[in-house]
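**Student:** I'll drop the sequence and a predicted model, then ask my questions.
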Amino acid sequence: MFLYSDYEEAAEAVRAETAYRPKTLVVLGSGMSGLFDDGIEIPYCRIPHFPEATAPSHRGVMLVTERAYIMCGRFHYYEGYSPEEITFYIPVMKLLGVERVILTNAAGGINPSYSIGDIAVISDHIKLSGDSPLRGRNDSRMGERFPDMTEAYSCRLRELAYECAADNGIDLKTGVYFYMGGPQYETPAEIRAIAALGGDLAGMSTVYECIAARHCAMEVLGLSCVTNLAAGISDKPLSEAEVARTMSENSERLRLLLNSIIERTAEND
């Protein structure tokens, strides 16, 4: 287990790199690491205890601007990391004064109303695996032992996202995100089961981070880009290349939306 001093050490390393102290954190998912290129760049390898980002298209750097920390790449269970390692950066961000987290991801679309390239606001999630980033001894300085997940994804931030999307002519979908560990894509039978359970989107990230952020009393906004139709919905084989291509084709809309949300959330900081 990580110690409180480990989080403090990592936070101090970030403080030493920049005088900016934004209250928003943006985590960029697969194929999104190139959405932003402005800001003070801090490679993850310069932050103590940060894992290495090994997934394709995850740059492994943090950009710091006046209004946001932007993580260009995240960590996944399928890379061999534990839930605690995947979410190590969340308590670090809490110590840096972050109050809200925007988690983005590339996801498979299950809801029949979705099309490839759609952006969806996550209204809730389903995780049937039993592990948790909060397993083990609780440090009350970070959060309470049994955090409430009734509003895992902030209603306030969701409404703000809809407003920002409307201002920019972007049609936002809404859906429940179903977590799968990967790295293999889901089978058609698994997708049918997920749909029966109420899942609209399937992906391999985000949920552990949401749990850790809520433990730290941060507001969470989740945004999924539908980069492919899930297995069995389309007869095309799934591939990482398709995910990357779809993200490239829709990057400008997502960047526009994220910039608008960042600007609006920072207005009262």
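**Tutor:** Perfect, thanks for sending it. Residues are numbered from 1 along each chain as shown.
**Student:** Give me the phi and psi angles of residue 92.
**Tutor:** In terms of degrees, to the nearest 10, the main-chain angles of residue 92 are phi -60, psi -40.
**Student:** my read: it touches residue 10, true?
**Tutor:** Yes - Residue 92 is in contact with residue 10 according to Cβ atoms under 8 Å; the separation is 4.5 Å. Any C-beta I mention is one placed from the backbone N, CA and C, and that applies to glycine too.
**Student:** Same drill for the two, tell me which one is more crowded.
**Tutor:** residue 92 (27 against 22; other Cβ atoms under 10 Å).
**Student:** Next, the contact list for that one, please.
**Tutor:** Residues near residue 92 by Cβ atoms under 8 Å, 6 or more residues apart in numbering: 7, 10-11, 14, 47.
**Student:** Nearest residue to the middle of the protein?
**Tutor:** Of all residues in the chain, the one closest to the mean position by Cα atoms, centre = their mean is residue 103, 2.6 Å from it.
**Student:** so how far is the strand or helix carrying that residue from its chain's centroid?
**Tutor:** Using DSSP states H and E, residue 103 sits in strand 100-109. Computed by Cα atoms, centre = their mean, to the nearest Å, the chain-centroid distance of strand 100-109 equals 5 Å.
**Student:** Kindly calculate the angle that the helix of greatest length in the chain makes with strand 100-109.
**Tutor:** When the chain is parsed with DSSP state H, its longest helix is helix 240-266. Interaxial angle, helix 240-266 versus strand 100-109 (axes from the mean of the first three to the mean of the last three Cα atoms, to 10 degrees): 150 degrees.
**Student:** Dig out what the residue nearest to the centre of the chain forms beta bridges with.
**Tutor:** Assessed by DSSP bridges, residue 103 has beta-bridge partners residue 27, residue 222.
**Student:** what's around residue 68, how many residues?
**Tutor:** 26.
**Student:** scratch that, residue 78 is what I was asking about
**Tutor:** 15.
**Student:** Look at it and give its secondary structure.
**Tutor:** Using DSSP: H, G, I helix; E, B strand; the rest coil, the structure places residue 78 in helix.
**Student:** ok, now which ones touch it?
**Tutor:** Going by Cβ under 8 Å, 6+ apart, residue 78 touches 55, 181-183, 204.
**Student:** ok so, going back, any chance of TSV for the contacts of residue 92, columns secondary structure?
**Tutor:** Below are the contacts of residue 92 laid out as TSV (three-state DSSP):
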residue	secondary structure
7	helix
10	helix
11	helix
14	helix
47	coil
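**Student:** hang on, the earlier thing: which is the succeeding secondary structure element to the strand holding residue 103?
**Tutor:** Immediately after strand 100-109, counting by DSSP H and E, sits strand 119-126.
**Student:** who touches whichever helix or strand comes after that following strand?
**Tutor:** Counting by DSSP H and E, the next helix or strand C-terminal to strand 119-126 is helix 155-167. Outside helix 155-167, the residues that touch it by Cβ under 8 Å, 6+ apart are 100, 102, 119, 121, 123, 171-172, 174, 219-221, 223, 257, 260-261, 264-265.
**Student:** Can you say which of those residues are buried?
**Tutor:** 100, 102, 119, 121, 172, 219-221, 223, 257, 260-261, 265 (16 or more other Cβ atoms under 10 Å).
**Student:** Tell me the one among the residues you listed nearest to residue 200.
**Tutor:** Nearest to residue 200 among the buried ones among the contacts of helix 155-167: residue 121, at 10.7 Å, using Cβ to Cβ.
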